[in-house]
Every structure is written in structure tokens, then in C-alpha cells.
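Q: pasting the sequence and the predicted coordinates here, then a few questions.
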Amino acid sequence: MALKYVVKKTVFGFDKTKTTKYVARPLPAGTVNYSALCDQVTKLGIVVPRSVVRMVIDSLVEVLEYNLANHMSVKLGDFGTLRLRFSCKSQDSEEAVNAETLRHRKIIFTPGASFKNMFRDVSIRKFEISKNNETGLGSGSSGSHPGNEGISLE
């Protein structure tokens, strides 16, 4: 398996000269929706009906919400860890720091060992987008997408 990237033209806001730069960005291949995700897990050869997969994922989301709302980091084995984070505008006094000074509330995902190893070991190559291709797929595309017909894990 190779991760693909595209080259994008950009202007950085922090650059006072507003010079055009070119950067590599991951190939945007789309989104797998919840229903397709459940279908993919069901088709992996595990004898678990789709309804059970949905029930487990729904329950996992509820438990994640509960634990994160109670200030707990949640470790999901080799998958990774979820934790809450927010930033705050700095204030001149301790008394001035309050809930209104909080901003950028986020849930941070830190990948576990298997994800980190996958990215370390995977090759990376440039993806060329054809100018006359209406689908947006150019050379380097296999044409098959997991979730449409079946699972393709390389």
C-alpha cells in the first residue's frame, strides 16, 4: 500500500510577503459514512451481523462521550487514545481566567502503536490529477474504493 499526495498551491497567512508556495497534501479520497463502515466491518470475515456491529459502535460512542465529559482520557488499545483539549486566551490575572476565556475546544486523537507503525512502514508517492478527467481520479488511482463492492486491504 502506498499513501498518495497531491501538490497544492497556497499562500500562508503568516507570510508577510504573501508569496505563493507549493505544499504536499494527502490525497482527498472521500469519506466512509457510518453505514458503509459497519458494512466493511461485517465483511471482514468475522461472523458478526451488521446490527451487532452498529450496536457495538453506538455503545462505544456513548461510553467515549461519558468518559471524555468526565475528564478521562480513553485508551483504545493499538487503535489509540482520545482526550479533551482546549486553549485559553492568556489573562493578566488569575481571577480573569474563566470559562469565557476558553476557546478551540477539541478532542485529540493520538494513534496507537499499530497506526504509528503503519505510517512508518508505508511508502508515499505523488498522485497526478488529470486535467481532463471529470471524476477527479488521475494516474495512481486503482478505481476501487473500499465500501462499494467489498474490502480491499493491502
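A: Here it is on my side, so go on. Residues are numbered from 1 along each chain as shown.
Q: ok, residue 32 to residue 101 distance?
A: Using Cβ to Cβ, to the nearest Å, one gets 37 Å for the distance from residue 32 to residue 101. Where you see a C-beta, it was placed from the backbone N, CA and C, and this is true even at glycine.
Q: where do the helices sit along the chain?
A: Applying DSSP state H to the chain gives helices spanning 34-42, 50-69, 113-121.
Q: mind putting those helices into a markdown table with mean neighbour count?
A: Shown next, in a markdown table, are those (neighbours: other Cβ atoms under 10 Å):
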| stretch | mean neighbour count |
| --- | --- |
| helix 34-42 | 16 |
| helix 50-69 | 13 |
| helix 113-121 | 11 |
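Q: against residue 28, how distant is residue 111?
A: Per Cβ to Cβ, residue 111 is found 20 Å from residue 28.
Q: more neighbours, these two?
A: residue 111 (14 against 8; other Cβ atoms under 10 Å).
Q: so how many other residues sit close to the closest residue to the more buried one other than its chain neighbours?
A: Nearest residue to residue 111 in three dimensions, chain neighbours excluded: residue 80, at 4.4 Å (Cβ to Cβ, 6 or more residues apart in numbering). Here the count is done by other Cβ under 10 Å, and residue 80 has 17 residues near it.
Q: show the pLDDT at residue 80.
A: Residue 80 carries a pLDDT score of 91 in this model.
Q: identify the bridge partners of residue 128.
A: According to DSSP bridges, residue 139 are recorded as the beta-bridge partners of residue 128.
Q: in the chain, where is pLDDT below threshold?
A: 1, 131-154 (pLDDT under 70).
Q: same thing but at 90, please
A: Low-confidence regions of the chain, defined here as pLDDT under 90, cover residues 1-50, 77-79, 86-91, 94, 97-105, 113-154.
Q: from residue 81, how far off is the residue positioned nearest the centre of it?
A: Nearest to the centroid of the C-alpha atoms of the chain, with distances taken as Cα atoms, centre = their mean, sits residue 109, at 8.8 Å. Taken as Cβ to Cβ, the spacing of residue 109 relative to residue 81 amounts to 7 Å.
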